[in-house]
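Chemist: Model the following, please.
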Amino acid sequence: MLGANPLRAFAMNFGKLEASNPKCINMAVGVPIDATPAVVVEAKKEWVELSALQGKNGYGDPKGMDTLRHNLTEYYTSTYNLSADAINPDDFTITTGGSSHSLSLSFELLMRGSQGQGQLIILAPFFGPYVGMVKLANGNEVLVDTDKDFLPDLVAIEAAITKDTKAILINSPNNPTGKVYSK
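Modeler: Numbers count the residues shown, from 1 in each chain. You can find the predicted model right below:
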């Protein structure tokens, strides 16, 4: 049984809390309180118009933008002194809007064959659906708290690793904290 998503449950009941204290700000599900700045709206309109004029109004490459994948290859090759054949653009898959689906499928693949014993380490706080995705993949979540600045606690992560650990989920920028990990 997956159980209720606690973040969504909080968001749904926030009205009661807000009624008793109007100074409360609901930051549970990432709903902005400000309108999208006009400059962003105009830039998006221009991009859509230009894309349509150039015939780029269909689905993109399912592995992500070719230019970005090539740039990532160059970055990792030069930053980590990798040989030219150690990594290539096809090693990368870049996702956006469908990332939850991509993660679910990835978790399914990671947990395949683990007979319900596979573990995924998730840094907390975390995006609520991760736990449900792991459970649907017949895996087990291992929650590891970040430090007071929401940075990964490497000692705690290492202590959480077992023979059943399949992966460590690194979410940067982190949802919900927005923290960006430098390394």
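
Chemist: Poorly predicted segments of this protein, please.
Modeler: 1-11, 25-34, 57-59, 95-98, 183 (pLDDT under 70).

Chemist: let's see 90
Modeler: Scanning the chain for pLDDT under 90 picks out 1-69, 72, 75-76, 84-85, 90-104, 113-116, 125-129, 148-150, 171-183.

Chemist: how about the strands in it?
Modeler: Counting by DSSP state E, the chain has strands at residues 119-124, 140-145, 165-169.

Chemist: So for Glu74, which of the ones you listed sits nearest?
Modeler: With Cβ to Cβ as the measure, strand 165-169 is the member of the strands of the chain nearest Glu74 (25.5 Å). Placement of C-beta: from N, CA and C, glycine included.

Chemist: Quick check: which helices or strands does that closest one pack against?
Modeler: helix 99-111, strand 119-124 (3 or more Cβ pairs under 8 Å, 6 or more residues apart in numbering; DSSP states H and E).

Chemist: just the strands of the chain: most buried one?
Modeler: Ranked by mean neighbour count, the strands of the chain are led by strand 119-124 with a mean of 21 (mean count of other Cβ atoms under 10 Å).

Chemist: if we can go back for a sec, select, out of the strands of the chain, the one closest to Ile87.
Modeler: In terms of Cβ to Cβ, the element of the strands of the chain nearest to Ile87 is strand 165-169, at 18.8 Å.

Chemist: Listing partners with orientation, what would you give for that closest one?
Modeler: With DSSP bridges as the test, strand 165-169 is paired with strand 119-124 (parallel).

Chemist: Off-centre distance for the partner strand?
Modeler: In terms of Cα atoms, centre = their mean, to the nearest Å, the gap separating the centre of strand 119-124 from the centre of its chain is 12 Å.

Chemist: Stretch 17-27 too?
Modeler: From the chain centre to the centre of stretch 17-27 is a distance of 28 Å (Cα atoms, centre = their mean).

Chemist: pull the CA atoms of that stretch into PDB?
Modeler: Taking C-alpha atoms only, stretch 17-27 is exported to PDB below (Å, rounded to 0.1, in the frame of the first residue of the first chain):
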ATOM      1  CA  LEU A  17      -4.600  26.600   9.100                       C
ATOM      2  CA  GLU A  18      -4.700  29.700   7.000                       C
ATOM      3  CA  ALA A  19      -8.200  30.600   8.300                       C
ATOM      4  CA  SER A  20      -6.800  30.600  11.900                       C
ATOM      5  CA  ASN A  21      -3.600  32.500  10.900                       C
ATOM      6  CA  PRO A  22      -3.800  34.600   7.800                       C
ATOM      7  CA  LYS A  23       0.000  35.300   7.900                       C
ATOM      8  CA  CYS A  24       0.700  31.700   7.000                       C
ATOM      9  CA  ILE A  25       2.200  31.200   3.600                       C
ATOM     10  CA  ASN A  26       1.600  27.800   1.800                       C
ATOM     11  CA  MET A  27       4.900  26.700   0.300                       C
END
